[in-house]
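>>> Predicted model and sequence below, questions to follow.
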Amino acid sequence: MTPRLAIRLCRSAWFLAFAAFSLTHTGTVSAVSPKIERIVERHLKAVGGDKLKAIDALRADGEVEVRGFTVPFTAWWQRPNRSRLDLSIMGYDVIQAYDGSVAWWLNPVAGVTTAQVMPEDFAREMKLWSDFTGPLVDYERKRYKLKYLGKEELKTGEAYKLRVAMSGGVELLVYIDGETYLEVRRTYTQTIEGKSITVHTNFSDFTDTDGVTTPRTIAGVGFGGTAFVMRFKTLDLDVEPDPTRFELPDAKKKSGLYGN
């Protein structure tokens with residue numbers, strides 16, 4: 001595996017692992033239609049409702065298949081917007097994390113042998129996926145703007161299509177299954193190093209864990225048009241919160257290279 005391929009694999013793995021969970025940015029609140037309110041209410045019930053909202057931290061383990069490689073990973077999330085992904089690539093430990101303020105990574109495969117602040121493009125993506133509750137849960141508190149775009153026929157069946165607008169011009173297209181009210185597809189456009197790429201993710205193999213329903217398989221096309229399949233093998237919803245797990249070493253924080 002070349003360093004360039006390793007970088008792409010890590011980028012894909014990160015953005016896809018956290019595609020199952022979502023955002024904490026702020027946008028603009030506006031009145032929504034009764035139809036949107038009904039879809040959101042049923043979606044919240046489908047994913048676990050108050051049980052999901054009561055979770056402070058969680059951990060997931062699994063594997064991602066991309067470019068012919070199978071890479072094991074462990075991912076953590078913690079309220080309000082912390083996340084971390086650990087990958088094992090060619091015997092090297094790769095870390096990508098966001099502590100709610102600073103996004104950083106460690107990637108010996110690509111020559112990054114000490115923890116470093118992420119470039120802004122990649123940091124933006126980290127922030128995008130650091131709220132594990134999803135884009136529709138508590139959308140008013142997060143100040144998202146929702147618009148109903150009608151129904152669309154997917155391979156999984158008929159789905160409600162919603163546009164979710166956040167700050168900075170970021171928009172998601174979220175597809176909610178018409179029967180289960182679970183999110184089965186998400187599409188958005190990311191900009192990395194000046195290139196705009198449309199990212200598609202499809203969610204399946206939904207599993208109930210202590211009353212919380214999450215997808216165990218995510219598949220689609222991620223960074224650079226790279227196809228992937230990500231499988232979550234275990235999910236622990238009773239994790240002791242530990243903010244230090246997500247923090248960049250103090251020396252890097254004090255360097256002044258990264259703004260909040």
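Structure received. Numbering: from 1, shown residues only.
>>> Okay, now the unreliable bits of this structure?
1-32, 168, 222-225, 250-260 (pLDDT under 70).
>>> remind me, longest strand of it?
For the chain, the longest strand by residue count, based on DSSP state E, is strand 195-209.
>>> and that one, which strands flank it?
strand 183-192 (antiparallel), strand 212-221 (antiparallel) (DSSP bridges).
>>> Next one: residue 237 from residue 167, what distance?
As for residue 237, its distance to residue 167 is 29 Å (criterion: C-beta to C-beta, to the nearest Å). In short, each C-beta sits where N, CA and C put it, glycine included.
>>> between these two, who's got more neighbours?
Between residue 237 and residue 167, counted using other C-beta atoms under 10 Å, residue 237 has the larger neighbour count: 20 against 14.
>>> give me the beta-bridge partners of the closest residue to residue 74 other than its chain neighbours?
Among residues not flanking residue 74 along the chain, residue 86 sits closest, at 4.7 Å (C-beta to C-beta, 6 or more residues apart in numbering). Counting by DSSP bridges, residue 86 is bridged to residue 74, residue 95.
>>> by contact count, what packs against the helix or strand residue 38 falls within?
Secondary structure assigned from DSSP states H and E places residue 38 in helix 34-47. For helix 34-47, the packing partners by 3 or more C-beta pairs under 8 Å, 6 or more residues apart in numbering; DSSP states H and E come out as strand 145-154, strand 157-165, strand 212-221.
>>> Show me what the helix or strand that the shortest one is followed by is in contact with.
This means strand 157-165. Toward the C-terminal end, the helix or strand that comes next after strand 157-165 (DSSP H and E) is strand 171-177. Contacts to strand 171-177, defined as C-beta atoms under 8 Å, 6 or more residues apart in numbering, come from residues 22, 39, 43, 135-136, 149, 152, 154, 156-166, 182-189.
>>> how about the CA coordinates for strand 171-177, as PDB?
What follows is strand 171-177 as a C-alpha-only set of coordinates in PDB (Å, rounded to 0.1, in the frame of the first residue of the first chain):
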ATOM      1  CA  GLU A 171     -26.500  20.800   3.100                       C
ATOM      2  CA  LEU A 172     -27.500  17.200   3.400                       C
ATOM      3  CA  LEU A 173     -30.100  15.200   1.500                       C
ATOM      4  CA  VAL A 174     -31.600  12.700   4.000                       C
ATOM      5  CA  TYR A 175     -33.800   9.800   2.900                       C
ATOM      6  CA  ILE A 176     -36.200   8.300   5.500                       C
ATOM      7  CA  ASP A 177     -37.700   5.000   4.800                       C
END
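>>> so how far is it from its chain's centroid?
Averaged C-alpha coordinates place strand 171-177 at 14 Å from its chain's average position (C-alpha atoms, centre = their mean, to the nearest Å).
>>> Direction-wise, compare it with strand 145-154 and give the angle.
Computed by axes from the mean of the first three to the mean of the last three C-alpha atoms, to 10 degrees, the angle separating strand 171-177 from strand 145-154 equals 50 degrees.
>>> Mind listing the strands strand 171-177 pairs with, and their directions?
Sheet pairing for strand 171-177, using DSSP bridges, gives strand 157-165 (antiparallel), strand 183-192 (antiparallel).
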